[in-house]
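Participant: Quick check, what structure comes out for this input:
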Amino acid sequence: MFHELIARRAAVALALALAATPALAQIPRQDPKSCKGQPEIKPLEPLSVQTDKGVARFQVEIADSEMEREYGLMCRRALAADRGMLFLFPRATPQMFWMRNTLIPLDIIYIGADGRVVSISRNVQPLDESGAPSSGPAKYVLELAAGRAAQIGLLPGDRVLHRAMPRG
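Facilitator: Prediction:
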């Protein structure tokens with residue numbers, strides 16, 4: 001049984017890596033000094049996170065098109081503590097994010113279709129293309145400045161509130 005679980009996880013990791021390959025090929029690496037990404041996506045929208053420490057509020061950009069999701073926060077030189085980017089996907093699937101052309105460290109929060117945190121990749125380093133996978137299916141992904149998840153006490157199972165997510 002243990003070996004089956006290991007084999008299943010390896011198969012999922014391989015599938016995620018293969019799924020990420022076309023995106024890696026589509027967006028070329030850029031020189032960090034002259035990196036050009038997408039402009040800030042407006043309007044910003046309110047998002048709240050409920051943790052044991054209380055409620056943390058953010059203003060987030062919404063990446064809901066394929067192009068916006070592919071470019072994400074590439075080439076940004078800073079991300080304020082109360083800002084982030086929320087990626088909306090059509091359905092909940094295993095996700096893997098990478099940091100091609102991303103110049104700032106990030107916390108990547110994977111959120112299930114029910115609005116609860118599935119897993120968190122903390123302090124993912126700039127330009128790291130090895131990939132940070134979710135530990136389960138995620139329909140939403142929230143990127144925050146590195147360290148923010150720890151500061152607000154965010155843990156798997158915590159609820160994220162946004163207009164795109166179910167209430168309750």
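
Participant: Name the residues of stretch 75-85 that are buried.
Facilitator: 75-76, 79, 83-85 (16 or more other CB atoms under 10 Å). (C-beta placed from N, C-alpha, C; glycine too.)

Participant: Turn these into TSV, columns for pLDDT.
Facilitator: Conversion of the buried residues of stretch 75-85 to TSV gives the following (pLDDT from 0 to 100):
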residue	pLDDT
75	97
76	97
79	97
83	98
84	98
85	98
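
Participant: Include distance to residue 38 and secondary structure when you put those into JSON lines, please.
Facilitator: Output for the buried residues of stretch 75-85, formatted as JSON lines (distance: CB to CB, whole Å; DSSP: H, G, I helix; E, B strand; the rest coil):
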{"residue": "75", "distance to residue 38": "8", "secondary structure": "coil"}
{"residue": "76", "distance to residue 38": "9", "secondary structure": "coil"}
{"residue": "79", "distance to residue 38": "14", "secondary structure": "coil"}
{"residue": "83", "distance to residue 38": "15", "secondary structure": "strand"}
{"residue": "84", "distance to residue 38": "15", "secondary structure": "strand"}
{"residue": "85", "distance to residue 38": "10", "secondary structure": "strand"}
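
Participant: out of those, which one sits closest to residue 167?
Facilitator: Within the buried residues of stretch 75-85, the smallest distance to residue 167 is 20.2 Å, found for residue 84 (CB to CB).

Participant: pLDDT below threshold where in this protein?
Facilitator: 1-25, 168 (pLDDT under 70).

Participant: what sits against the spatially closest residue to residue 125 that is not a sequence neighbour?
Facilitator: Residue nearest to residue 125 in three dimensions, not counting chain neighbours: residue 105, with 5.6 Å by CB to CB, 6 or more residues apart in numbering. Shown in contact with residue 105 (CB atoms under 8 Å, 6 or more residues apart in numbering): 123-126, 145-147.

Participant: For the residues you listed, could you give me CSV that also reports neighbour count?
Facilitator: CSV is the format used below for the contacts of residue 105 (neighbours: other CB atoms under 10 Å):
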residue, neighbour count
123, 14
124, 21
125, 13
126, 13
145, 20
146, 18
147, 14
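
Participant: any idea which of the residues you listed is closest to residue 101?
Facilitator: Checking the contacts of residue 105 against residue 101 by CB to CB gives residue 126 as the nearest, at 9.1 Å.
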